[in-house]
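> Please find the sequence and the predicted model below.
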Amino acid sequence: MTYSTDEMMTVAAARHLANGEVCFVGIGLPSRAANLARRTHAPGLVLVYESGTIGAKPRSLPLSIGDGELAETADAVVSVPEIFNYWLQAGRMDVGFLGAAQIDRRGDINTTVVGPYAKPTVRLPGAGGAPEIATSCRRVIVIVRQSPRTFVDPLAFRTSVGDRVSTVITDLGELRREPGSEELVLTCLHPGATVEMARAATGWTLLVADDLGETPPPTAVELEALRSLRPAAMALH
Amino acid sequence: MAVLTSLAEAITANVGDGDMVALEGFTHLIPFAAGHEIVRQGRQDLTLVRMTPDVLYDQLIGMGVAARLVFSWGGNPGVGSLHRFRDAVEHGWPRPLQLEEHSHAGMANRYVAGASGLPFAVLRGYVGTDLVDHTANVAPLACPFTGERLTAVAALRPDVTVIHAQQADRAGNVQLWGICGVQKEAVLAARRAVVTVEEVVEELQPRPGAIVLPGWVLSAVAEVPGGAQPSYAQDYSTRDNAFYEAWDVISRDRDTFLGWMRTHVLDLVPSTT
């Protein structure tokens, strides 16, 4: 089966979520990967969205973090102050799953501005839930397409601190950080990607692991499950 | 005490030029109709407050009603950028927009402090981020018991909070359910509160997980069926995701945007039920 680099990225990200874990999910690519995990190897994955939906089991992929589908299929729906204070800050989340506009070698994330803060060339959406997701979940996975525009150092703005970022999944491969070490290291390439491609898509001198691995390609089961995950609005078209 | 009134009268009586106005709703129950009425009545120099300014705030900002935005995430959820918000920040069109930005946890706790009548709230957050350098309403704080380094965020006290809910009764008691966001805190933090509802019923039937706001904490209640569209009201309507995607195109160009607002907002007469 042929597949796109985005599909490889999403499948690779989904594989990092274990059955029974509790996952605080950002919208977009993280939500797609988390829902894929729940449809494949991790049916008991607990999805928590910042809209206050705990244990959501969406039948189609939500477009926003507040689609009715999430509330209707959730174990519990709580207020926004409650989700951040009682559930996230209190340390009940195993894994935080974030996207990023830009990331640096330490896993710090920028989702605020490109260019100077007072006069940005690109104004991004801002922090949202990310700063506290990044520091309150036991580990953090970031999913982001790798390019010189997204892999930058220094960041224009540090929106979220990357101390707990354990894994970064891109369309080229995976970067990891061993506990105690500061910098992300390329540990795995997706089929077809090369170290040169990864280096060219990175705005700093990329560290590469000695035992660089290759990601197993998506299985037919994974691809089929991923392609059946369509946002409700898309499915109607 | 809540007055059952028309949308136009509710806005006239409760939203003034220069006010700090929070139109809250976390994807669900966004008070679009009330926001449009604020545009029609030509309010100016507002400080708009909201955790998740999305398409409604893009419209208000693009029409130039806001001088300032206090927020934590400004985007079109699942779609991308807010082009009017970006145009205002990047190019000052139609007027410069001053920003005060936070994290969601910070904003939520600011409302909690406001609702609690406290000067500030405490959380673990902001530490190590560049956000702390860009707002005066965040300050480091040591826990008086353990010395842990924490963050204080100043209370939010909007002049008026506007929300949309499913139902009210004739005494102006309001019930909302589904994703309830930060609406309860935003209403209780505000000096005045306006609620639009899908329908006025004889008697509110208790719903699991619902929030009930007694009429005596509200200023005005107006029946506006469909008042959250293209957002939604659970058990009344579904989110018009296709519109949120269409907005990306409508809002990219200033003239296309203005034309859309003229046809769909300015030229419409508000409901007077």
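Arrived safely.
> From here on, just use CA atoms for contacts and neighbour counts.
OK.
> mind checking how far the longest strand along chain A is from the chain centre?
If you go by DSSP state E, chain A has its longest strand at strand A:207-214. Here the centre of strand A:207-214 is set off from its chain's centre by 21 Å, with Cα atoms, centre = their mean, to the nearest Å.
> Now do the residue of the stretch 151-273 of chain B found nearest chain A against A:V195, distance only.
For the stretch 151-273 of chain B and chain A, the shortest gap (Cα to the nearest Cα) falls at B:G181, measuring 4.8 Å. Using Cα to Cα, to the nearest Å, we find B:G181 at a distance of 45 Å from A:V195.
> who's more crowded, those two?
Set B:G181 next to A:V195 and count neighbours by other Cα atoms under 10 Å in any protein chain shown: B:G181 wins out with 28 against 16.
> tell me the contacts of that one?
A:S51, A:G52, A:V78, A:S79, A:V80, A:P81, B:G25, B:F26, B:H28 (Cα atoms under 8 Å, 6 or more residues apart in numbering or on different chains).
> Checking it next. Helix, strand or coil?
Following DSSP: H, G, I helix; E, B strand; the rest coil, B:G181 is assigned to coil.
> A:G213: neighbouring residues, count only.
14.
> CA atoms only: put the longest strand of chain A into CSV for me.
Extracted C-alpha coordinates of strand A:207-214, given in CSV (Å, rounded to 0.1, in the frame of the first residue of the first chain):
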residue,chain,number,x,y,z
LEU,A,207,22.6,15.2,16.6
VAL,A,208,22.1,11.7,15.1
ALA,A,209,22.1,8.5,17.2
ASP,A,210,24.8,5.9,16.6
ASP,A,211,22.2,3.2,16.3
LEU,A,212,19.9,5.1,14.0
GLY,A,213,16.8,3.0,13.3
GLU,A,214,14.2,2.9,10.6
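> quick check: mean pLDDT across the helix or strand that it is followed by?
Counting by DSSP states H and E, the next helix or strand C-terminal to strand A:207-214 is helix A:220-227. Average pLDDT, helix A:220-227: 96.
> Quick one: neighbours of A:R92, just the number.
By other Cα under 10 Å, the residues close to A:R92 number 15.
> what pLDDT does it get?
98.
> what sits against it?
A:R92 touches A:V22, A:C137, counting by Cα under 8 Å, 6+ apart.
> quick one, phi/psi of it?
Note on A:R92: its backbone torsions stand at phi -90, psi 0 [degrees, to the nearest 10].
> Report the distance from stretch A:27-43 to the chain centre.
With Cα atoms, centre = their mean, you get 10 Å for stretch A:27-43.
> worst-scoring helix or strand of chain A, pLDDT-wise?
helix A:232-236 (a mean of 43; mean pLDDT, DSSP states H and E).
> Surely B:A88 is within a strand?
No - under three-state DSSP, B:A88 sits outside any strand and is assigned helix.
> So it sits against B:R95, correct?
Yes - counting by Cα atoms under 8 Å, B:R95 is a contact partner of B:A88 at 6.3 Å.
> Quick check: A:A220 vs A:A193, distance?
20 Å.
> can you map out the helices along chain A?
A:5-14, A:29-39, A:68-72, A:80-82, A:130-136, A:195-200, A:220-227, A:232-236 (DSSP state H).
> so where is chain A shaky, pLDDT-wise?
A:179, A:231-237 (pLDDT under 70).
> if you set the cut-off to 80 instead, what comes out?
Low-confidence segments of chain A, defined by pLDDT under 80: A:27, A:65, A:178-180, A:230-237.
> can you give me the helices in the stretch 101-250 of chain B?
B:104-116, B:183-189, B:241-250 (DSSP state H, counting those that start in this stretch).
> Rebuild those as a markdown table, extending it with distance to A:R177 and mean pLDDT.
Output for the helices of the stretch 101-250 of chain B, formatted as a markdown table (distance: least, Cα to Cα, whole Å; pLDDT from 0 to 100):
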| stretch | distance to A:R177 | mean pLDDT |
| --- | --- | --- |
| helix B:104-116 | 27 | 98 |
| helix B:183-189 | 40 | 98 |
| helix B:241-250 | 37 | 96 |
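> Turn these into CSV, including mean neighbour count and distance to A:Q146.
As requested, those are exported to CSV (neighbours: other Cα atoms under 10 Å in any protein chain shown; distance: least, Cα to Cα, whole Å):
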stretch, mean neighbour count, distance to A:Q146
helix B:104-116, 26, 27
helix B:183-189, 25, 38
helix B:241-250, 17, 24
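> Quick one: closest of these to A:R227.
helix B:241-250 (19.2 Å; Cα to Cα).
> quick one: is that closest one near chain A?
Yes - Helix B:241-250 is in contact with chain A by Cα under 8 Å from any Cα of the partner chain, via B:N241, B:A242.
> hang on, the earlier thing: which other residues reach the longest strand of chain A?
A:L184, A:V185, A:L186, A:T187, A:C188, A:L189, A:H190, A:P191, A:V195.
> okay, B:A88 and B:R95: which has more neighbours?
Taking other Cα under 10 Å, B:A88 and B:R95 do not tie; B:A88 has more neighbours (20 against 17).
> out of A:A220 and A:A193, which sits in the busier spot?
Neighbour count, other Cα under 10 Å: between A:A220 and A:A193, A:A193 has more, with 15 against 12.
> With adjacent residues omitted, what lies nearest to the more buried one?
With sequence-adjacent residues excluded and distances taken as Cα to Cα, 6 or more residues apart in numbering or on different chains, A:A193 is closest to A:L172, at 5.6 Å.
> Neighbours of that neighbour, how many?
27.
> Would you mind confirming that it is in contact with A:A198?
Yes - using Cα under 8 Å, A:L172 is in contact with A:A198, at 6.5 Å.
> Give the residues shared as contacts by these two.
Counting by Cα under 8 Å, 6+ apart, the residues touching both A:L172 and A:A198 are A:Q146.
> start to end distance for stretch A:25-32?
9 Å.
> Let me know whether it sits next to chain B.
Yes - applying Cα under 8 Å from any Cα, one finds stretch A:25-32 touching chain B at A:I27, A:G28.
> How far off centre is that stretch?
6 Å.
> cool, and stretch B:18-31?
1 Å.
> Over to stretch B:189-198?
Worked out by Cα atoms, centre = their mean, stretch B:189-198 lies 10 Å from the chain centre.
> and what of stretch A:129-149?
With Cα atoms, centre = their mean, you get 6 Å for stretch A:129-149.
> ok, that stretch near chain B or not?
Yes - under the criterion of Cα under 8 Å from any Cα, chain B is reached by stretch A:129-149 at A:G129, A:A130, A:P131, A:E132, A:T135.
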